[in-house]
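1. requesting a structural model of the entry that follows:
(one chain, ligands or ions: 1)
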Amino acid sequence: MSKNILEVSGLRMRFGGLLAVDGVALEAREGQIVSMIGPNGAGKTTVFNCLTGFYKPTEGVIRFRGEEIQGLPGHKIANKGMIRTFQHVRLFKSMTVLENLLVAQHRLLNNNLLAGLFKTPRYRDAEQRALEQSRYWLDKVGLLEHANREAGTLAYGQQRYLEIIRCMVTNPTLLMLDEPAAGLNPSETDGLKHLIAELRDHHEMTVLLIEHDMKLVMDISDHIVVINQGAPLAAGTPDEVRNNPDVIKAYLGED
Ligand SMILES: Nc1ncnc2c1ncn2[C@@H]1O[C@H](COP(=O)(O)OP(=O)(O)OP(=O)(O)O)[C@@H](O)[C@H]1O
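-> Numbers count the residues shown, from 1 in each chain. Now for the predicted structure:
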């Protein structure tokens, strides 16, 4: 059986009088796509912010590859291999597409200032690997020909892809995507769906997804967690969730 990458239990996050996250639990096993859904304001992004160390959770246990990480600063959690995208595109828009990918791999490159200054063979090897890794992922999402363009000049859908591969070049253990389909047209959304499925099926990636596009979620998720007003409402396979009366009432019935 595949191992647990992420285990979250009893997660609570309070902002003054507002309990934005109230007892959320979730689990992601290696190679699974796990989606978190719920109406606007349900607390999904707040859960992401707690997992990635942007917020210190009020309560709860977060285990990443068996190790408790709740309350650790974001950079330490990212160094452990938990990498995310944001609801709104956050690229270095005046840098080239390729530079965005190289900057993301700075840990591989800049671990020794002197090595960088003198361009030692070891540094050059690392630089070469970073370039190869970048080209591989650019090719995968059809952006290789745009490698030297300013990232801000890419079409919106391409910027979304670039954000995802900017995570992939760091060889993450867990890829967390916050509404990656937001603002995409149907054909871009379909491309995104295939890319996420490919990351799981051919790159053994574990993916935690927040998404409002129900077709995307239902088509690719192995497991879905539904939260409503901060609290867990249901969890299960896409079929179980789709047919759950509480979910239909609280969420799917809203549209
Ligand atoms: N830093 C903060 N300070 C105070 N309240 C916050 C903060 N961050 C989030 N909230 C509140 O917590 C609740 C949950 O917000 P959150 O953004 O996590 O929901 P969401 O499920 O991601 O929503 P959406 O689907 O619209 O992105 C909301 O009521 C929001 O206003």
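2. show me what from the stretch 1-150 of the chain comes close to the ligand.
-> Taking CB under 6 Å from any ligand atom as the contact definition, the stretch 1-150 of the chain meets the ligand at 15, 18, 20, 38, 40-46. The C-beta positions use only the backbone N, C-alpha and C, and glycine is treated the same way.
3. report the buried members of these.
-> With burial judged by 16 or more other CB atoms under 10 Å, the buried subset of these is 20, 38, 42-46.
4. let's have the residues of the stretch 1-150 of the chain next to the ligand in CSV, adding pLDDT.
-> Converted to CSV, those look like this (pLDDT from 0 to 100):
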residue, pLDDT
15, 95
18, 94
20, 96
38, 92
40, 89
41, 90
42, 91
43, 94
44, 95
45, 95
46, 97
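5. check which helix or strand covers the residue nearest to residue 105 when sequence neighbours are not counted.
-> Among residues not flanking residue 105 along the chain, residue 130 sits closest, at 4.3 Å (CB to CB, 6 or more residues apart in numbering). Here residue 130, judged by DSSP states H and E, is contained in helix 121-140.
6. now that helix: buried residues?
-> By 16+ other CB under 10 Å, the buried positions in helix 121-140 come out as 123, 126-127, 130, 133-134, 137-138, 140.
7. now do the contacts for the residue lying closest to residue 204 once chain neighbours are set aside.
-> Spatial nearest neighbour of residue 204, excluding adjacent residues (CB to CB, 6+ apart): residue 31 at 5.3 Å. When contacts are counted by CB atoms under 8 Å, 6 or more residues apart in numbering, residue 31 is found next to 2, 200, 204-206.
8. what mean pLDDT does the helix holding residue 130 have?
-> The average pLDDT within helix 121-140 is 88.
9. cool, stretch 24-31 as well?
-> Mean predicted lDDT for stretch 24-31 stands at 96.
10. again, but for stretch 219-228
-> Mean predicted confidence for stretch 219-228 is 96.
11. straight-line length of it, end to end?
-> Terminal residues of stretch 219-228 lie 22 Å apart, using CA to CA, to the nearest Å.
12. and if you look at stretch 172-188?
-> End-to-end distance of stretch 172-188: 24 Å, with CA to CA as the criterion.
13. hang on, the earlier thing: so which of the residues of the stretch 1-150 of the chain next to the ligand are in strands?
-> If you go by DSSP state E, these have 15, 18, 20 in strands.
14. nearest to the ligand, of the buried residues of helix 121-140?
-> Of all the buried residues of helix 121-140, the one with the least separation from the ligand (CB to the nearest ligand atom) is residue 137, at 26.9 Å.
15. thank you, goodbye.
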